[in-house]
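Participant: Coordinates for the following, if possible.
(one chain, ligands or ions: 1)
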Amino acid sequence: MDVNQIITELQQSMKPYRQDYETYASLPQVGRSREEILEVMRTLYTKEEHKWRDGYVSGAVYHGDQEHIDFQNQVYAINSQSNPLHFDVWPSGVKFEAEIVSMTANMLGAGQAGDEIVGTVTSGGTESILLAMKTYRDWGRDKKGIAQPEMIVPTTAHAAFDKASQYFDIKMVRIPVGDDFRADVEATRAAINPNTVVIVGSAPPFPHGIVDPIQELSELARSHGIGFHTDACLGGFILPWAEKLGYPVPPFDFRLPGVTSISADTHKYGYAAKGTSVVMYRGRELRHYQFYATTEWPGGLYFSPTLAGSRPGALSAACWAAMVSLGEQGYLDAARRILQTADTLKAGIRGIPELRLLGDPLFVIAFASDELDIYAVSDYLGKMGWSLNGLQLPPALHIALTVRHAQPGFAERLVVDLQEAVAYVKEHPGMQGSLTPVYGMTSNIYAKGAVAEFLKGLLDMAFEV
Ligand SMILES: Cc1ncc(COP(=O)(O)O)c(C=O)c1O
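Facilitator: Purely as a prediction, here's the structure:
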C-alpha cells in the first residue's frame, strides 16, 4: 500500500460523519434545538460505543461499567460550573484536589517516604510530565546555575518527555533499553554530566509494560544529587494493588529515597473520567518550581499551580468521587480481575508458535513475530473489529488490559482471533500491513522528517470541516 492510499484510508476513518451529518464551518444563524443536538449526540455515541464497551480497544476506557459511568456523569452534572482557579467561589474544588493528591500519594508510599509528599492535579499524564520536567529545569537553574539543562530518558519512556524537551528547551539524552526492555543502568550512569537535572524511569513504560529498574536508577540520581522522576501514569493505580495481590512488582514509588517525583494518572487505572492526573513531589520546595505566580499584572495578583488557568472543577470532582466510591477494595478487585485476564492471555499467546511475547509483563501485553509481518496481523485483526496498538523498534502490537477486558471469555476470544489472524497472514506470504511502510521509514534518518510532516498533515486534516 502506498502512502496516498494510507492517507485516503485514514481520512475515511477520521471523518466518517461528513456525508450523513450537517457540518458547521460557521455558527448556525439560529441555534439548533437542544433536543436535535442531543439526538445527534446519542446517535454518534451509539455508533462508537460498541468498540470500547466490548473490549475491542487497547486501553482507552479503563473502567466503563455503566453504573460507574452514570455515577461519574451525575457528579459532573452537579459540578459543571466549578473552576478551581476561583477557589473563593468553589472551595469544594480545593477540597477535592487536595484529597485526590493525598490519597494518591499515600497509595504510592508517602507514609514511608520520610519526607512530605505533595502534588497537584493536572489534566492528564502529558501535563503531569511536562510540569515535572519544567520543575527540574527551573530547579537546576536556580540551585545549580545550570543554563543548558539535560534530562536522561529511556527510549521507551512516553513521547511526553520529548514534548517537554521541545517545549521547555531541555536537552533530552536518550538511553537504550536492554533485551529485557528495561532501561540500561550503565548507559544512564555514563550519560550523567554536570548539566543533568533529572533521570526518568517508567512504571511501566507504555510500549512493552515492563517496569524499569527504578531502584538502581533512582539511587544513581540520589548519589549525584539530581532529580528522579517515576512515570507511573500507566501503572500508578494498578501496581500497588498488584503488589498486594502477590504479583512481582519491582519497587518504584516514594518508598525509594531517590524518587523525587511521580506522575500517576487518575484517568487511566484510577477509573476517573478523562481529564485528570496527579503529579507529586518529595517536598514543597520542589513543587514551588512548578507553581506560577505574578505580582506585575494589572489584572491583579495571579497564581496558578499548573499549565492551564481556568480548569474544569467538575473533572476533579468526578475524579475524587471515583476514588472515594471505589476505595481500596474496588481497586483491588479490579486489579485482580485484570491481572487474571492477563495471565490467561499471556498463556494463549505463548501457545501460538508464530508469536513471541515481549518479556513477562503484568497488564500491558506486547507481542511480536519473527516470521510474519505483525502489522499485517494487526490489519486482519482490524477487519475483525480489533484496535490494538501498533509499536515499532521493534515492530510489535500490544494491548493494555482494562476492566473492559476483564469479562468472562474475553482473553479466550482474543486468542482465537489472534490464531485466525496469524493463520491468514501465514497463508498469504508477502502480505504487508498498511502501516509497515510508514513505520519502515522511521528507521531511516532521512525519512524521519518526512514522516513527522506526514503526521502533522494528519492533524491538519483533523481540523478540516
Ligand atoms: C507511561 C505513560 N506515560 C504517560 C502517558 C501520557 O498520558 P496522557 O495520554 O494522559 O497524556 C501515557 C499514556 O498512555 C503512558 O502510558
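Participant: Give me the neighbour count for the spatially closest residue to residue 110 that is not a sequence neighbour.
Facilitator: Here the nearest residue to residue 110 in space, its sequence neighbours aside, is residue 117; by CB to CB, 6 or more residues apart in numbering that works out to 3.8 Å. No exception for glycine: its C-beta is placed from N, CA and C like everyone else's. Residues within reach of residue 117, counting by other CB atoms under 10 Å, total 26.
Participant: State the pLDDT value of residue 117.
Facilitator: Looking at residue 117, its pLDDT is 98.
Participant: show me what contacts it?
Facilitator: Residues touching residue 117, when contacts are defined by CB atoms under 8 Å, 6 or more residues apart in numbering, comprise 105, 108, 110, 254, 280-282.
Participant: Swap in 10 Å and give it another go.
Facilitator: The contact partners of residue 117, by CB atoms under 10 Å, 6 or more residues apart in numbering, come to 101-102, 104-106, 108-111, 253-254, 259, 261-262, 280-284, 287.
Participant: Which ones among these map onto helices?
Facilitator: Residues of those located in helices (DSSP state H): 101-102, 104-106, 284, 287.
Participant: show me the contacts for residue 432.
Facilitator: Applying CB under 10 Å, 6+ apart to residue 432 gives the contacts 1, 373, 375-376, 379, 425, 440.
Participant: Closest one of those to the ligand?
Facilitator: When the contacts of residue 432 are compared for distance to the ligand, the smallest value, 20.3 Å, is given by residue 375; criterion: CB to the nearest ligand atom.
Participant: any idea what sits nearest the closest one, other than its immediate chain neighbours?
Facilitator: Here the nearest residue to residue 375 in space, its sequence neighbours aside, is residue 433; by CB to CB, 6+ apart that works out to 2.4 Å.
Participant: host element of that neighbour?
Facilitator: In the assignment (DSSP states H and E), residue 433 maps to no helix and no strand.
Participant: could you measure it against residue 173, distance?
Facilitator: 32 Å (CB to CB, to the nearest Å).
Participant: what does the average pLDDT come to for stretch 28-36?
Facilitator: In this model, stretch 28-36 has a mean pLDDT of 98.
Participant: Next, the distance between the ends of that stretch.
Facilitator: The first and last residues of stretch 28-36 sit 13 Å apart, counting by CA to CA, to the nearest Å.
Participant: which residues are in contact with it?
Facilitator: 22, 24, 37, 39-40.
Participant: Would you mind listing what in the chain touches the ligand?
Facilitator: For the chain, the residues found near the ligand under the criterion CB under 6 Å from any ligand atom are 124-126, 129, 158, 160, 202, 205-206, 231, 233-234, 265, 277.
Participant: need the contact list for the residue in the chain that the ligand sits nearest to.
Facilitator: Using CB to the nearest ligand atom, the point where the chain gets nearest to the ligand is residue 125, with a distance of 2.3 Å. Contact criterion CB under 10 Å, 6+ apart gives 158, 160, 206, 231-234, 236, 263-268, 276-279 as the residues in contact with residue 125.
Participant: Also residue 354?
Facilitator: Counting by CB under 10 Å, 6+ apart, residue 354 makes contact with 367, 369-372, 374, 377, 418-419, 421-423, 425-426.
Participant: Can you tell me which of the ones in helices among the contacts of residue 117 has the most neighbours?
Facilitator: Most neighbours among those, by other CB under 10 Å: residue 104, with 27 neighbours.
Participant: on that earlier part again, so for residue 433 and residue 173, which sits in the more crowded spot?
Facilitator: Set side by side, residue 433 and residue 173 give different neighbour counts by other CB under 10 Å, the larger being at residue 433 (23 against 19).
Participant: Surely the more buried one touches residue 373?
Facilitator: Yes - checked against CB atoms under 10 Å, the pair residue 433 and residue 373 is within contact range at 5.3 Å.
Participant: Now do the shared contacts for the two.
Facilitator: 379, 395, 425.
Participant: Assumed residue 230 was part of a strand.
Facilitator: Yes - counting by DSSP: H, G, I helix; E, B strand; the rest coil, one finds residue 230 located in a strand.
Participant: quick one: it and residue 253, what's the gap?
Facilitator: Distance of residue 230 to residue 253, given as CB to CB: 7 Å.
Participant: Can you check which residues contact both of those two?
Facilitator: Counting by CB under 10 Å, 6+ apart, the contacts common to residue 230 and residue 253 are 108, 203, 214, 236, 259, 262, 264, 280.
Participant: want to throw those into a markdown table with neighbour count, pLDDT and distance to residue 330?
Facilitator: Compiled in a markdown table, the shared contacts of residue 230 and residue 253 are given as follows (neighbours: other CB atoms under 10 Å; pLDDT from 0 to 100; distance: CB to CB, whole Å):
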| residue | neighbour count | pLDDT | distance to residue 330 |
| --- | --- | --- | --- |
| 108 | 27 | 98 | 17 |
| 203 | 26 | 98 | 21 |
| 214 | 27 | 98 | 26 |
| 236 | 29 | 98 | 16 |
| 259 | 31 | 98 | 26 |
| 262 | 31 | 99 | 21 |
| 264 | 30 | 99 | 17 |
| 280 | 30 | 98 | 22 |
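Participant: Can you name the two of those residues that sit furthest apart?
Facilitator: With distances taken as CB to CB, the most widely separated pair in the shared contacts of residue 230 and residue 253 is 214 and 280, at 14.6 Å.
Participant: Check which helices and strands the helix-or-strand element of the chain with minimal mean pLDDT is in contact with.
Facilitator: The helix or strand with the lowest mean pLDDT-type score in the chain, counting by mean pLDDT, DSSP states H and E, is helix 3-14 (a mean of 80). Secondary-structure packing of helix 3-14 (3 or more CB pairs under 10 Å, 6 or more residues apart in numbering; DSSP states H and E): helix 436-442, helix 445-462.
Participant: Appreciated, that's everything.
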